[in-house]
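>>> Below are the sequence and a predicted model for it; my questions follow.
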Amino acid sequence: MTSQQSIEPPTPRRDEDRYVLAGKLKPNDVGYADPKNPKNPLLRQSESSTEALLDPPVKIPDPYGWMRDESRTNQEVLDHLKAENEYTEKLTGHLEGLRSDLYNEMLAGIKETDYTVPSPKGEYLYYSRTYEGKSYKSYCRAPIENDNYIDQAKSWDGTKESPILPGEVAYLDVNELAKGKNYCSIGQASTSPSSKLLAYTVDFTGDEVCGLHIRDIESDATIDHDETLECSGSVKWGNDDKTVFYLKMDEQKRPYQLYRRTVGSKEPDELLYEEPNELYWVSMTKSFDEKYIFVSSRSKETSEIHFLDLTDSNAPLQCVAERRKKVLYSVRHRAGYWYITTNVGGTPNMRLMVSPAVANSGDQWVDMVDQNGNIMFEGGYDRTITGMTSFVSHAVATGREGGLPQIWVITYDSANSSDVTNFVQLQFSEDAYDAGFGSNLDCTADSVVIAYDSLVTPLSYIKIPLESPTDSSVRTVLKEQEVVGYDKSQYACERTTVTSRDGSANIPVSIVYRKDAMDKVKAGATVPTHLYGYGSYGACMEASFRNTRRTLLDRGMIYVIAHVRGGGEMGRNWYEEPNGAKYLCKKNTFNDFVDCARWLIDDRKITTPEQLSCEGRSAGGLLIGASINQAPELFKMALLGVPFVDVICTMIDASIPLTIVEWEEWGNPNEEKYHQYMMEYSPINNVKAGAKYPACLLTGGLHDPRVQYWEPTKLAAEQRYKSSPESGPTCIKIDMTAGHFSASDRYKYLKELSFDYAFLLDQLGLANKKSSQ
């Protein structure tokens, strides 16, 4: 590391007098006006909030606020980002060989020329293909000739040139779309009711703004595309080949309008629905039986769904149930009934209810009961439902129980009844795993395809007959992920819990390792360990298989996932107040993560602070930023991917995308109730002066609409300015062509990950350690 000490980081301009104001503003105050509509005041709180604004307002220091440039054209800012990238490259240039090794190892474990499981719909089987050397997938289909298509696919000779199935047609080759583009991401691709046309949306910048295209599949000709039309990624067909539905976004990139478009028509598209309340985002789905379009307005705490009957061209948009404060619900349709997952009644978890499929049905919802009259999902603490797919005579529900994903199969009395005759739960043999829906496109199917993997078991797709779901002898493995060079017997995993510092929670922890690494621990040694976490939005970090993780494991590292509060691993109560990690109990997320780190060091004695790295992305980057502020001495190295770290400045400013809707996640720092609490954990506002910080690598995307590029850039500058000179290096890497979800090119993604892991291994002293493979 001696040669690196002479490489100086950029020293950006620091404006000590610069600030933003939190609270109630007057017309002459800084930040009063909406920068996009200067004649209007900027919203300071939601329309429904009854909380008091800070009055007088409070100054929040923002010495690096000049780095924010909405236009992405300010030369000083661009020059600084360039200087940061150059510094990081110089500091890590000696790792080029390691990056190459890691990339080649990751690539070697992937079957580059491959296909996904064919899924029947109508007259065709749909799947996608990837090809060696090509960065993107190709959407394919083939006519259904017989029921033996899985065996036919398995007999494919493995070459690029050969079709997976007879009559294969590539109806959308994303590689062709991506030519000459730095970024290319398909929002949705959907074939029309006749199967003759294709509607797809595509984003070429990473800002999640898409264009809409309609193609004739046989001729490959574009028959409808308006270059001025910008939409979100969602597109659905109506009941014929003439009608598509799409969503438009407002200036904050919030989907808020539903439009109906007549393909090829010169008439203006028809606005069907608009959500004026900026707390709510609009989304769109189509019922599995394709009879209804559902348009959902949803905040973090409240939802309202409208439906459009596609079988009646004159049908109006109607409401399933009007919004009720803090009531969330989602809807599926089957045989004249709504199947509703909801927390109505204030249940801690989601319950499953049913009602006739009519408008304004809220007062008709009743709990679904099984064959014994027992409520199937009552919304209690032990079990929750997260999803449901309704077939003709069955339904398949996904949810959680015991901290793990679960799958249940429901059998109905008849194709026209909602009465349940059987309700069973599928069983899996491993202690920790991930299980969910595979590709299921046909509501008349007599089987369901599920996806299953674990920390040590590669992904497989399993076909389960709905009439005998618990009989393992009749299940069919449709496809298993082929991981070149992987020997499962060399690895092991475990699931345990860590008691939180206040004793109120048992935090699930998933651990995966090579057996020879854990043998060293059992013999009394400590080993390098990587701790990963997220802990927001009720999202679950599952115990799933990642081929890329092997590059760390095969160098003797142990990989740990801390399922901290704020996620949904233990149900919604793991996320919601008062005992989860939202609003005024958000600090539980960071405390849990630090507690897990201390447990690894002090109790389990797997590792030491000099051997412990940590990682989180997006809201997980907030987790890492807050955790290393709380306990910088516990970590040697930290990876913060597109991190949400400038919490106060971002959540004050309603002109920034996501801010308003996020007020129901973190709270609003303009309000007295939340301000001080949020100030106490916001990473950029709590960098410890003179503290010795771990080495940090922060990444961002210039076009990221979710976490703006200036957040990691500002934190890097603040951390260097305040921390001890004995701290590890703070590096930032901004992708000038990507958004929130990193590279769209699969090879570029692996190169980016190799960059991150090379930095990690170097800081832990493992740069010269060769892989065991």
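Cool, got the structure.
>>> Need the pLDDT of the residue nearest to the spatial centre of the chain.
Centroid check for the chain by Cα atoms, centre = their mean gives residue 539 as the closest residue, at 7.9 Å. At residue 539, the pLDDT value in this model is 97.
>>> That one: what's it in contact with?
Residue 539 makes contact with 567-568, according to Cβ atoms under 8 Å, 6 or more residues apart in numbering. From N, CA and C alone the C-beta is placed, and that goes for glycine too.
>>> and it, what helix or strand is that in?
Under DSSP states H and E, no helix or strand contains residue 539.
>>> And it, how far from residue 620?
Going from residue 539 to residue 620 by Cβ to Cβ, to the nearest Å gives 9 Å.
>>> Can you show me the helices along the chain?
75-92, 96-108, 149-154, 174-178, 515-522, 550-553, 587-598, 619-630, 647-652, 659-666, 672-679, 710-722, 746-763 (DSSP state H).
>>> For residue 396, find the nearest of these.
Closest to residue 396 of the helices of the chain is helix 149-154 (Cβ to Cβ; 19.5 Å).
>>> and stretch 216-227, average pLDDT?
If you average the pLDDT over stretch 216-227, you get 96.
>>> ok, back up a step: against residue 399, how distant is the residue nearest to the centre of the chain?
As judged by Cβ to Cβ, residue 539 and residue 399 stand 15 Å apart.
>>> which residues does residue 37 bridge with?
In this entry, residue 37 is beta-bridged to residue 34, by DSSP bridges.
>>> coming back round to it: switch the helices of the chain over to a markdown table; also include mean pLDDT.
Formatted as a markdown table, those follow (pLDDT from 0 to 100):
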| stretch | mean pLDDT |
| --- | --- |
| helix 75-92 | 97 |
| helix 96-108 | 97 |
| helix 149-154 | 96 |
| helix 174-178 | 97 |
| helix 515-522 | 98 |
| helix 550-553 | 98 |
| helix 587-598 | 98 |
| helix 619-630 | 98 |
| helix 647-652 | 98 |
| helix 659-666 | 96 |
| helix 672-679 | 98 |
| helix 710-722 | 98 |
| helix 746-763 | 97 |
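>>> pretty sure residue 571 is touching residue 348, no?
Yes. Using Cβ atoms under 8 Å as the test, residue 571 is close enough to residue 348 to be in contact (6.8 Å).
>>> Pick out whichever of those two has more residues nearby.
Between residue 571 and residue 348, counted using other Cβ atoms under 10 Å, residue 571 has the larger neighbour count: 24 against 18.
>>> need the contact list for the more buried one.
348-349, 381-384, 400.
>>> Please convert the buried members of those into PyMOL selection syntax.
To isolate the buried members of those in PyMOL, using 16 or more other Cβ atoms under 10 Å:
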select buried, resi 348+349+383+384+400
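>>> Residue 294: which of the contacts of residue 571 is nearest?
residue 384 (21.2 Å).
>>> Counting neighbours, what do you get for the residue lying closest to residue 277 once chain neighbours are set aside?
Closest residue to residue 277 in three dimensions, ignoring its sequence neighbours and counting by Cβ to Cβ, 6 or more residues apart in numbering: residue 47, at 6.3 Å. Residue 47 has 10 neighbours, counted by other Cβ under 10 Å.
>>> do the same with the one 5 residues further on
Neighbouring residues of residue 52 were enumerated by other Cβ under 10 Å; the total is 13.
>>> Residue 364 and residue 414, how far apart?
According to Cβ to Cβ, residue 364 stands 21 Å off from residue 414.
>>> so what sits against both of residue 571 and residue 348?
By Cβ under 8 Å, 6+ apart, residue 571 and residue 348 have these common neighbours: residue 381.
>>> The stretch 251-400 of the chain: strands as residue ranges?
All strands of the stretch 251-400 of the chain, identified by DSSP state E, counting those that start in this stretch, fall at 255-262, 270-274, 281-286, 292-298, 303-309, 318-321, 329-334, 337-342, 351-356, 366-367, 383-390, 394-401.
>>> Next: the stretch 51-200 of the chain.
Counting by DSSP E, counting those that start in this stretch, the strands of the stretch 51-200 of the chain are 58-61, 114-115, 119-121, 124-130, 138-143, 169-173, 185-191, 197-203.
>>> now the angle from the last one to strand 255-262?
Counting by axes from the mean of the first three to the mean of the last three Cα atoms, to 10 degrees, strand 197-203 points 150 degrees away from the direction of strand 255-262.
>>> which helices and strands does strand 197-203 pack with?
Counting by 3 or more Cβ pairs under 8 Å, 6 or more residues apart in numbering; DSSP states H and E, the packing neighbours recorded for strand 197-203 are strand 169-173, strand 185-191, strand 211-216, strand 235-237.
>>> Tell me how many other residues crowd residue 701.
Residue 701: 27 neighbours (other Cβ under 10 Å).
>>> ok, it to residue 710 distance?
Using Cβ to Cβ, residue 701 is found at 12 Å from residue 710.
>>> go on, residue 336?
To residue 710, residue 336 is 52 Å away according to Cβ to Cβ.
>>> These two - which one has more neighbours?
Each of residue 336 and residue 710 has its neighbours counted (other Cβ under 10 Å); residue 710 has more, 24 against 12.
>>> Isn't the more buried one up against residue 72?
No. The criterion here is Cβ under 8 Å, and residue 710 misses it with residue 72 at 10.3 Å.
>>> Can you check what pLDDT the model gives residue 283?
The model's pLDDT for residue 283 equals 98.
>>> correction: residue 336
pLDDT for residue 336: 97.
>>> ok, for it, nearest residue in space, not its chain neighbours?
Nearest in space to residue 336, with sequence neighbours left out and distances taken as Cβ to Cβ, 6+ apart, is residue 357 at 5.2 Å.
>>> give the contact list for the one you found.
When contacts are counted by Cβ under 8 Å, 6+ apart, residue 357 touches 333, 336-338.
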